[in-house]
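Colleague: Here is a sequence with its predicted model. Questions after.
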Amino acid sequence: MNRSVNGLSLVLIISLLGLETSSQITPNSPQVSAQELTCFITNDCIAMSISESVEIDLDSEAATGGILKNWSLGGLIIERETTSQLIPVSQIKKIKFTGDVWVRDGNNYRKILDEDLMIDQQITWEDIPLTAFNFVGGSQTVLLQLKKVLSKEDWQELVDRSQKTMYVIDEIELNQNEKTMIVTATPINRIKSN
């Protein structure tokens, strides 16, 4: 069935977001945000999952944590019980994502337990601009724009691998001087559909 977006038919060949191969996406699709649609159109980012629980190391050697509610270049909004706190990005040294993660796998979600993440299989991407990280509000999904950061070969390998693998971000270390970050993620095999 063909659907169009602004009169232009989009047939998606690569399943970067865990949607079925050759999916048709429209702005009315409840599973796809405008950010995710842009990711598909520009083909420059990979969707990754995060846990909503975070532990944050601050530059002041202090630490805090809670439930991540929002992330922008201005800061992270963390919720604890009945209070919310805005933590400016400029004060953050490291963010550790803790707890279980719900990941999109095809048109379904599945729970990945924190203890099932294989730390020895982690992948690290360095020197990622802070602007390359896009939090998809209301979900445990981020879009990481890596196409311009990775070599052409590394990007293509990541795209190819993402057809069989999803990524769960474990940790982000920020370099405030360079306005970059180091992202560490664990690959998770997709469930094969029949």
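Modeller: Yes, it's here.
Colleague: contacts, neighbours, all on C-alpha from now
Modeller: Noted.
Colleague: By mean pLDDT, which helix or strand of the protein comes out lowest?
Modeller: Taking mean pLDDT, DSSP states H and E as the measure, the helix or strand of the chain with the lowest value is strand 8-9, at a mean of 26.
Colleague: which residue ranges form the helices in this protein?
Modeller: With DSSP state H as the definition, the chain shows helices at residue ranges 34-42, 152-161.
Colleague: lowest-confidence stretch among those helices?
Modeller: Comparing mean pLDDT across the helices of the chain, the lowest value falls on helix 34-42: a mean of 64.
Colleague: What separation is there between Gly66 and Leu150?
Modeller: If you measure Gly66 against Leu150 using CA to CA, to the nearest Å, the figure is 32 Å.
Colleague: same question, Ile188
Modeller: Ile188 sits 21 Å away from Leu150 when distances are taken as CA to CA.
Colleague: And Ile95, by the same measure?
Modeller: From Ile95 across to Leu150, the span is 22 Å (CA to CA).
Colleague: Looking at those two, which is more packed in?
Modeller: Neighbours were counted for Ile95 and for Leu150 using other CA atoms under 10 Å; Ile95 has more, 20 against 16.
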